[in-house]
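Enquirer: coords below, sequence missing:
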């Protein structure tokens with residue numbers, strides 16, 4: 001069984017909160033030096049995701065919904081939120097015994 005804090009974290013609904021939204025540029029396209037280079041034949045066109053912005057996350061019940069989260073900054077946001085919840089719930093760093101925790105943020109490396 002998982003610890004109760006994990007159920008509480010999952011019940012927050014962070015993973016599902018991206019459903020029906022999209023990953024888009026933060027600024028107008030002209031603010032990006034290489035925006036015109038965002039469409040090349042060698043780029044992987046993941047079904048339902050596309051090559052260029054915006055990228056739609058789609059419905060939470062889609063077979064590829066969580067995969068799409070891992071291809072975007074959303075995956076890293078979820079990872080950081082989970083790591084913070086773990087640290088608080090497990091009292092990481094709160095006693096005289098050193099704790100080591102490593103978190104890898106690499107969603108957009110795919």
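Expert: Okay, I see it. Model, not experiment: these values are computed from the prediction.
Enquirer: next up, the contacts around residue 90.
Expert: For residue 90, the contact set (CB atoms under 8 Å, 6 or more residues apart in numbering) comprises residue 5. C-betas here are computed from N, CA, C, even on glycine.
Enquirer: report how many residues lie close to residue 72.
Expert: Neighbourhood size, residue 72 [other CB atoms under 10 Å]: 18.
Enquirer: state the distance from it to residue 34.
Expert: Residue 72 is 18 Å from residue 34, where distance means CB to CB, to the nearest Å.
Enquirer: could you give the number of residues near residue 68?
Expert: Per other CB under 10 Å, the neighbour tally for residue 68 reads 21.
Enquirer: contacts only, for it.
Expert: The neighbours of residue 68, taking CB under 8 Å, 6+ apart as the test, are 46, 48-49, 55, 57-58, 62.
Enquirer: tell me the secondary structure at residue 42.
Expert: coil (DSSP: H, G, I helix; E, B strand; the rest coil).
Enquirer: give me the neighbour count for it.
Expert: Residues near residue 42, counting by other CB under 10 Å, number 5.
Enquirer: and what of the one 3 residues further on?
Expert: Neighbour count for residue 45, taken as other CB under 10 Å: 10.
Enquirer: would you agree it falls within a helix?
Expert: No: with three-state DSSP as the criterion, residue 45 is coil rather than part of a helix.
Enquirer: excluding chain neighbours, what is closest to it?
Expert: In space, and not counting its chain neighbours, residue 45 is closest to residue 51: 5.3 Å by CB to CB, 6 or more residues apart in numbering.
Enquirer: helix, strand or coil: sort out that neighbour for me.
Expert: Assignment for residue 51 (three-state DSSP): coil.
Enquirer: who's in contact with it?
Expert: Counted by CB under 8 Å, 6+ apart, residue 51 has contacts 38-40, 43-45.
Enquirer: now the closest residue to residue 15 other than its chain neighbours: which helix or strand?
Expert: Counting by CB to CB, 6+ apart, residue 15 lies nearest to residue 78, which is 6.1 Å off, once chain neighbours are set aside. In this structure, residue 78 sits in helix 73-89 according to DSSP states H and E.
Enquirer: contacts only, for the spatially most central residue of the chain.
Expert: Among the residues of the chain, the one closest to the centroid is residue 75, at 1.3 Å (CA atoms, centre = their mean). Going by CB under 8 Å, 6+ apart, residue 75 touches 69, 107.
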